[in-house]
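J.: Give me coordinates for this.
(chains A and B)
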2 protein chains.
Amino acid sequence: MAAADEAQGFRPLDEASLVAYIRATPALAASLGGRVDDLAVKEVGDGNLNFVYIVSSDAGSVVVKQALPYIRCVGDSWPMTRERAYFEASALREHGRLCPDHVPEVYHFDRAMSLIGMRYIKPPHIILRKGLIAGVEYPLLAEHMSDYMAKTLFFTSLLYNSTTEHKKQVARYCENVEMCRLTEQVVFSDPYMVSKYNRWNSPFLDKDAEAVREDDGLKLEIAELKSMFIERAQALIHGDLHTGSIMVTPDSTQVIDPEFAFYAPMGYDIGAFLGNLILAYFAQDGHADQTNDRKAYKQWNKHKDGNGEAYLPAIYNNPELLSDVQKKYMTGLLHDSLGFGSAKMIRRIVGIAHVEDFDSIEDASKRASCERRALDCAKAILKGRRQFESIEQVIVHVQSVNHD
Amino acid sequence: MAAADEAQGFRPLDEASLVAYIRATPALAASLGGRVDDLAVKEVGDGNLNFVYIVSSDAGSVVVKQALPYIRCVGDSWPMTRERAYFEASALREHGRLCPDHVPEVYHFDRAMSLIGMRYIKPPHIILRKGLIAGVEYPLLAEHMSDYMAKTLFFTSLLYNSTTEHKKQVARYCENVEMCRLTEQVVFSDPYMVSKYNRWNSPFLDKDAEAVREDDGLKLEIAELKSMFIERAQALIHGDLHTGSIMVTPDSTQVIDPEFAFYAPMGYDIGAFLGNLILAYFAQDGHADQTNDRKAYKQWNKHKDGNGEAYLPAIYNNPELLSDVQKKYMTGLLHDSLGFGSAKMIRRIVGIAHVEDFDSIEDASKRASCERRALDCAKAILKGRRQFESIEQVIVHVQSVNHD
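T.: Numbers count the residues shown, from 1 in each chain, chains lettered A, B, ... in the order given. The predicted structure follows:
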């Protein structure tokens, strides 16, 4: 592995070699105001997959992220293609073009080195998950995230693009298949079978985890979602849009880490975000925020000038029909989002990767009771998702489960 | 156009240059037993898109098919990529590997010349559509076509292949986008709007054609199918599997012309075949044949040894669950097939390309009454497809419409 990587021009950086790399790279030096004589380097320790450095001069800061050929938090026993950095840089650029307010700029990308230099998202920005755990309210979050999802998903779908443009991009992102497979395994497979990677709050949730593995109704639904996730190239999704991929202040929302990006169902992103908000709600018995799906309608009506041919104006030629067809599309999207969102909730309770929202509850028995409610809620939504007609109904359902 | 084609090494053949080409091409010469001194060339005039020649020596025959950079039956006013020949050759080879009994062998492919040399399907084989019009019964047709569809669709889907293999092939066939767009236009768009390409049995069906263009319920359904057709990479489909793409004798069934092949919903192929059988039924008031969807179950159970991860044995781990999940998958496939099949019926009555089944009925008024029944039947199935649970129920419905 190491030899092949070296032959491709790859070498893992440390703090010293990073400084030399920055000095030799005009785009990175420029992002530091050209003041590269005295640089401070801080490694951000909480990256699951990659090495992330904040590099500062007296004129500014930049983030440098390098993908290694394995998963950082597991080690080289779990190899993972470095090409994820290429897809992350591509998605950051594409989503950044569509929604510059909520995506950091990429200053520099080095494919051989699997290295991205991007805008430093300054304090007081923190990871949204930590803010939610601390009980901070983010009054603009719903508006910002709706804006981000509406723009990134709508403008990379057949609602806006011609089939020719769409298929070209689909083909390109097909190569990010290793990340697709990782998601398949940890979201759609492992939680429903015996796997050495699964973890849960034992012994409290032993029976609950077993019940997931023996729930045929759940397995019928998850199979459909898994195939849809792989087969359906609806839009360029972020692919990992949980509350740990979002940095916030009360005024600003920034989405990072789209290394799982490829063409897949829109509902996977929307569901990831909603599902993680619901997890936060169950963890803190607080109030989940919500997205505003009217955003998407607005995009649709505003951008009739695109190349999208999915709904030709010559066919969808009266306001009532246009409204009906939009409602049908959005209802389908709601059901997809609820399906994927509940799958994401389940895997955070009985699968490999858990969330700090629950993990930070020290009393394991109290934690188990929160987790169980979230799990039961997710199972009910996954099986009954087609009964919901609006996000308001979902919120009522979630609240009723939590207050039983 | 011509200059660019020439620069790529392309030249359209005529009978004389074809003979020279064959003599210079060992694979083609071999298919003629090496006896290339005295060759007979017959152009098969009924190709809609391409030039097709039957070349014979005293030791055998071969079919040579060349794609020109436009649609043959329209002329160079409708340009069409020659690369369709590459995808046709690729699909013939892939489907031929999976189902050699029902797909002719490719002996030679020349990408620069957009030229395929393939097995000559000997008399008494005729085009299935002509046999159906003549009222010939094909007792093995259902068995053969079930075998063909089960093998070509199952073994190119996630039911058998890993996501890695699947996405690689999906990316490759994304380039056949021009053929995808042609289908979009003639099947999913034009029949539902005013288009210069639409034709119908006028004046008899004037109101019927108008009713299709003003049927909001129909438009809601067709939008969903159109997006699914483009977005959902379920299996390597033939893409044009009507009764004119099948050559038959009572003992043999051969599927030709897969130039529309790419990864799309399985139901599009199954629906095309069923829809065209139903058209034949309405045209002759005879009895439609039927596919036997149990074939697919058999494939599934027999080929658990594949790389397919869509239904991991560790999750789908009891016979009842496996049976339930297969039933769910097959019911979804039935509904997709009925949706696509009825769309294919509608477009053959009010869209650009009609079928000989109806066109050969000389009395226009009698023809109109057959066409209207088929059209009404298709509209009802398209809107109500989710109510059907088996192909037997569909057949009962079709028969009831025809005998009203």
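J.: quick one: the helices in the stretch 151-300 of chain A?
T.: For the stretch 151-300 of chain A, the helices defined by DSSP state H, counting those that start in this stretch cover A:163-173, A:177-183, A:206-213, A:216-231, A:266-284, A:294-302.
J.: Select from the ones you listed the stretch with the lowest mean pLDDT.
T.: For the helices of the stretch 151-300 of chain A, the stretch scoring lowest in mean pLDDT is helix A:294-302; its value is a mean of 65.
J.: Nearest to chain B: which residue in the stretch 301-404 of chain A?
T.: For the stretch 301-404 of chain A, the residue positioned closest to chain B under C-beta to the nearest C-beta is residue A:314, at a distance of 4.0 Å. All C-beta spots, glycine's among them, are computed from the backbone N, C-alpha and C.
J.: count of residues packed around the closest residue to that residue other than its chain neighbours?
T.: Computed as C-beta to C-beta, 6 or more residues apart in numbering or on different chains, the closest residue to residue A:314 that is not its neighbour in sequence is residue B:193, at 4.0 Å. In terms of burial, residue B:193 registers 16 neighbours under the definition other C-beta atoms under 10 Å in any protein chain shown.
J.: Isn't residue B:193 up against residue B:213?
T.: Yes - contact status for residue B:193 versus residue B:213: in contact at 6.2 Å, counting by C-beta atoms under 8 Å.
J.: Quick check: next helix or strand after the lengthiest helix in chain A?
T.: Of all the segments assigned as helix in chain A under DSSP state H, the longest by residue count is helix A:319-350. Once the chain leaves helix A:319-350, the next helix or strand it forms, by DSSP states H and E, is helix A:356-359.
J.: neighbouring contacts of the one helix or strand residue A:19 maps to?
T.: In this assignment (DSSP H and E), residue A:19 forms part of helix A:15-23. Identification of contacts with helix A:15-23 by C-beta atoms under 8 Å, 6 or more residues apart in numbering or on different chains yields A:11, A:13, A:28-29, A:32, A:36, A:39, A:41, A:43, A:53, A:55, A:62, A:64, A:113, A:115.
J.: and with 7 Å instead?
T.: In this structure, residues lying in contact with helix A:15-23 by C-beta atoms under 7 Å, 6 or more residues apart in numbering or on different chains are A:13, A:28-29, A:36, A:39, A:41, A:53, A:55, A:64.
J.: What about the residues you listed, which are in strands?
T.: Counted as lying in strands by DSSP state E, out of these, are A:41, A:53, A:55, A:64.
J.: and chain A, what are its domains?
T.: Per the record, chain A has its domains at A:2-119, A:126-402, by automatic domain parsing.
J.: Stretch A:261-278 close to chain B?
T.: No - in terms of C-beta under 7 Å from any C-beta of the partner chain, no part of stretch A:261-278 sits within range of chain B; the closest distance is 8.3 Å.
J.: ok, now stretch A:384-391?
T.: No - between stretch A:384-391 and chain B, judged by C-beta under 7 Å from any C-beta, nothing touches; the nearest distance is 11.7 Å.
J.: ok, and for the strand or helix carrying residue A:150, which residues are buried?
T.: For residue A:150, the host element (DSSP H and E) is helix A:141-154. Residues of helix A:141-154 classed as buried by neighbour count (16 or more other C-beta atoms under 10 Å in any protein chain shown): A:141-142, A:144-154.
J.: mind checking the SS state of residue A:107?
T.: strand (DSSP: H, G, I helix; E, B strand; the rest coil).
J.: Now do the contacts for residue A:261.
T.: Contacts of residue A:261 were listed using C-beta under 7 Å, 6+ apart, and they are A:87-88, A:91, A:173, A:176, A:236-239.
J.: How about the secondary structure of the nearest residue to residue A:162 once chain neighbours are set aside?
T.: Using C-beta to C-beta, 6+ apart and skipping residues adjacent in sequence, the residue nearest residue A:162 is residue A:307, 4.1 Å away. Three-state assignment for residue A:307 (three-state DSSP): coil.
J.: Tell me, how many residues neighbour residue A:307?
T.: Residue A:307 is surrounded by 12 other residues when neighbours are defined as other C-beta under 10 Å.
J.: for it, what are its contacts?
T.: Residue A:307 makes contact with A:160-162, A:165 under the criterion C-beta under 7 Å, 6+ apart.
J.: what separates it from residue A:27, distance-wise?
T.: The spacing between residue A:307 and residue A:27, counted by C-beta to C-beta, to the nearest Å, is 32 Å.
J.: Check residue A:44 too.
T.: As judged by C-beta to C-beta, residue A:44 and residue A:27 stand 21 Å apart.
J.: Next: residue A:202.
T.: Distance of residue A:202 to residue A:27, computed by C-beta to C-beta: 49 Å.
J.: before we move on, what about residue A:201?
T.: Relative to residue A:27, and taking C-beta to C-beta, residue A:201 is found at 46 Å.
J.: between those two, which one's more packed in?
T.: Legend: neighbour count by other C-beta under 10 Å for residue A:201 and residue A:27, higher for residue A:201 (23 against 14).
J.: Let's have the helices of the stretch 151-300 of chain A in JSON lines, adding mean neighbour count.
T.: Rendered in JSON lines, the data for the helices of the stretch 151-300 of chain A read as follows (neighbours: other C-beta atoms under 10 Å in any protein chain shown):
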{"stretch": "helix A:163-173", "mean neighbour count": "21"}
{"stretch": "helix A:177-183", "mean neighbour count": "20"}
{"stretch": "helix A:206-213", "mean neighbour count": "16"}
{"stretch": "helix A:216-231", "mean neighbour count": "21"}
{"stretch": "helix A:266-284", "mean neighbour count": "26"}
{"stretch": "helix A:294-302", "mean neighbour count": "16"}
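J.: Verify the stated contact: the residue of the stretch 301-404 of chain A closest to chain B with residue B:195.
T.: No - the criterion here is C-beta atoms under 7 Å, and residue A:314 misses it with residue B:195 at 8.0 Å.
J.: ok, the two, which is more surrounded?
T.: More neighbours surround residue B:195 than the other of residue A:314 and residue B:195, with 17 against 12 (other C-beta under 10 Å).
J.: residues touching that one, list them.
T.: The neighbours of residue B:195, taking C-beta under 7 Å, 6+ apart as the test, come to nothing; the list is empty.
J.: Kindly provide the distance from it to residue B:352.
T.: Note on residue B:195: its distance to residue B:352, by C-beta to C-beta, is 8 Å.
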